[in-house]
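1. Pasting the sequence and the predicted coordinates here, then a few questions.
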Amino acid sequence: MNLNDTALSTETAATQDGDYTNKTTKTDLIKADPSIKQNFYDFYLGEHQNMACRRLHFAGSSFGLLGLAKSVKDRSPTPLLKGIAAGYACAWVGHFFFEKNKPASFKFPLKSFASDFRMYSDVLRGNLSLKDRKYDRARKKPAQ
């Protein structure tokens with residue numbers, strides 16, 4: 001999904017008090033106050049709708065964690081640097097070729113890094129699917 005599709009689709013964003021009843025477009029999520037964690041994570045998930053992009057992010061985060069582990073084991077920074085490079089390469093391929101958007105890390109590097117590991121954790125816990133978005137449970141559904 002890209003920004004041109006926002007007129008046709010709506011997504012739900014949390015307000016400051018956690019109310020999910022307000023319907024907002026993806027454009028509104030981009031304009032959301034990035035200081036509010038849930039709004040940023042909802043925005044972040046909105047930028048990762050394509051399953052190939054999500055899979056590449058998961059693989060990239062795994063490479064980064066493996067690099068960290070090997071770096072600690074070997075007491076060398078080289079595996080960590082290689083893991084980080086491989087992780088970002090996977091993520092950027094996912095964004096540029098599959099999701100067709102710019103990585104959020106270009107504008108919000110720290111929040112995006114934290115959200116990437118939150119997304120990684122959500123995949124491991126079964127809250128986000130790498131097969132189909134219909135199985136996602138990470139975002140609360142709006143009250144009907």
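-> Cool, the structure landed.
2. any chance you could map the helices in the protein?
-> For the chain, applying DSSP state H gives helices covering 26-31, 37-46, 51-74, 78-93, 109-124.
3. Out of the ones you listed, flag the one nearest residue 132.
-> Closest of the helices of the chain to residue 132 is helix 51-74, at 7.0 Å (criterion: Cβ to Cβ). Every C-beta, even on glycine, is put in place using the N, C-alpha and C of the backbone.
4. quick one: buried residues of the closest one?
-> Buried positions in helix 51-74, judged by neighbour count with 16 or more other Cβ atoms under 10 Å: 53-61, 63-64, 66-67, 71.
5. do the same with stretch 39-54
-> Buried residues in stretch 39-54, counted by 16+ other Cβ under 10 Å: 39-50, 53-54.
6. That stretch spans what distance, first to last residue?
-> One end of stretch 39-54 to the other measures 19 Å (Cα to Cα, to the nearest Å).
7. for the record, mean pLDDT for it?
-> Across stretch 39-54, the average pLDDT comes to 94.
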